[in-house]
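In: here is a sequence with its predicted model. Questions after.
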Amino acid sequence: MTCTFEGDDGVQPAGLDRAASGGDVALVRRAADGDARAFETLYRSHVGRIYGLCVRLVDGDRVKAEQYTQDAFVRAWEKLGSFRGESEFSTWLHRLTVNLVLGEHRLLRRWVSFEDTAGDADGDQGLAAPGDCPQQRAGDRIDVERALAKLPKGARAVLILHDVEGYRHDEIAGLTGIAVGTSKAQLHRARKLMKEWLS
Amino acid sequence: MSTDDEHDGEVLPQLHGLRRERFPERDLWPDIAARIGTRRRRSVRPWAGFALAASVVAALSVGLWRNAPGPQAGPAAATAMSVSSASAARPGRVHPQQQALLKANLRIVQHAERELERALEQDPESESLQRLLQTVRDQRGALKARLQQT
């Protein structure tokens, strides 16, 4: 299924720096006119957020994340003409990336398989035991990343989009094609598993 | 952050500390630059496509005016050839059916000229657009001159 949520609807997920992206307007205009240097500046400003998003959505696979990051910026270049400036460029780019990764990664099929095999992630295999790391704060961060990577793909995507990226359930439903109720159920389950693993 | 947390429980505190930014181990820009360098953005492509169409129309018009059909194929070229043949029978004179065709071509060429001028506003350094515009202007002048012979 191909998601079609690359619109410019003005909704801004949490964590996107409005002040920083406000300075993008002139660069976006120049890039839309074909200025590759302006587009490179936009790339340098946003690659961290886009790559970070891709890494989390593709199980931490850095090669895939790099490929999706490239694809996202190439697609953004091709679609700059459709960017109307009604939302921040960072929001538009973020949505385009989510749409690209979820659409081309074919998560939706895995969502169905997740729902059909609801017990596939209840164990704690492969997770670090609390206290493994002498520096507790750093250890927490590692454990969270590993726990996220262990979540079923559908649940992880919902948790990342909702709790990390700040999307609402109706937005997630629009991005992925699943029902709002399914998104809520996935989030509930993801949080429950994460709490168990991290407690 | 989302406002529907009350229905789903609390956001895990550990998630608040996650870094949203992460950076690839290598610079991805050279690959991206190479890819976008070979793909003209869709918003630009219509100009190029229209310019090409304009040049074809112009070439067709030239074939009509000079009584020397070019290498074009298809119905449009056939029309030009047939009109040209008729014109060859009486050089210097334009038949009524030719006049209508010349006027139609003139409108197309004038439209192409306006579109090319707009394209050049976006990309003033483009030599290919400048050449196309000059060609279209030449064709407009030639068509007008031919129409004035009627």
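Out: The structure has been received and is ready for your questions. Residues are numbered from 1 along each chain as shown, chains lettered A, B, ... in the order given.

In: now do the contacts for residue A:179.
Out: Contacts for residue A:179 (CB atoms under 8 Å, 6 or more residues apart in numbering or on different chains) come out as residue A:173. In short, each C-beta sits where N, CA and C put it, glycine included.

In: switch to 10 Å and redo it
Out: Residues near residue A:179 by CB atoms under 10 Å, 6 or more residues apart in numbering or on different chains: A:169, A:173, A:185.

In: and the second one, what helix or strand is that in?
Out: So the one you mean is residue A:173. Using DSSP states H and E, residue A:173 falls within helix A:169-176.

In: for stretch A:58-74, the averaged confidence score.
Out: For stretch A:58-74, mean pLDDT rounds to 92.

In: which parts of it are buried?
Out: By neighbour count on 16 or more other CB atoms under 10 Å in any protein chain shown, the buried set for stretch A:58-74 is A:58, A:64-74.

In: again, but for stretch B:11-20
Out: Within stretch B:11-20, the residues scored as buried using 16+ other CB under 10 Å are B:11-12, B:14-15, B:18, B:20.

In: roughly how far does residue A:41 sit from chain B?
Out: Remark: distance between residue A:41 and chain B (CB to the nearest CB, to the nearest Å) = 10 Å.

In: repeat that for residue A:170.
Out: 9 Å.

In: where do the helices sit along chain B?
Out: Secondary structure of chain B (DSSP state H): helices located at B:13-16, B:29-37, B:45-65, B:75-89, B:96-122, B:127-148.

In: which of these has the lowest average pLDDT?
Out: helix B:75-89 (a mean of 39).

In: I'd like the buried residues of stretch A:58-74 as a markdown table, with secondary structure appended.
Out: Below are these laid out as a markdown table (DSSP: H, G, I helix; E, B strand; the rest coil):
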| residue | secondary structure |
| --- | --- |
| A:58 | coil |
| A:64 | helix |
| A:65 | helix |
| A:66 | helix |
| A:67 | helix |
| A:68 | helix |
| A:69 | helix |
| A:70 | helix |
| A:71 | helix |
| A:72 | helix |
| A:73 | helix |
| A:74 | helix |
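
In: and those residues near chain B, which?
Out: With CB under 10 Å from any CB of the partner chain as the criterion, those include A:65-67, A:69-74 near chain B.

In: out of the residues you listed, which two sit at the greatest distance?
Out: Taking CB to CB as the measure, these span a maximum distance of 14.9 Å, between A:65 and A:74.

In: and the closest residue to chain B within chain A, how many neighbours?
Out: Residue nearest to chain B within chain A: residue A:81 (3.0 Å; CB to the nearest CB). Residues within reach of residue A:81, counting by other CB atoms under 10 Å in any protein chain shown, total 15.

In: how close does it get to residue A:32?
Out: 6 Å (CB to CB, to the nearest Å).

In: so who does the residue lying closest to residue B:33 once chain neighbours are set aside touch?
Out: Nearest non-adjacent residue to residue B:33, counting by CB to CB, 6 or more residues apart in numbering or on different chains: residue A:36, 6.4 Å away. Listed by CB under 10 Å, 6+ apart, the contact set of residue A:36 reads A:30, A:43, A:77, B:29, B:32-33, B:36-37.

In: can you tell me which of these are buried?
Out: By neighbour count, with 16+ other CB under 10 Å, the contacts of residue A:36 hold A:30, A:43, A:77, B:29, B:32-33, B:36 as buried.

In: okay if I get these as TSV plus distance to residue A:91?
Out: As requested, those are exported to TSV (distance: CB to CB, whole Å):
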residue	distance to residue A:91
A:30	19
A:43	16
A:77	17
B:29	22
B:32	20
B:33	24
B:36	21
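
In: show the pLDDT at residue 95.
Out: This is for chain A. At residue A:95, the pLDDT value in this model is 90.

In: actually chain B
Out: At residue B:95, the pLDDT value in this model is 74.
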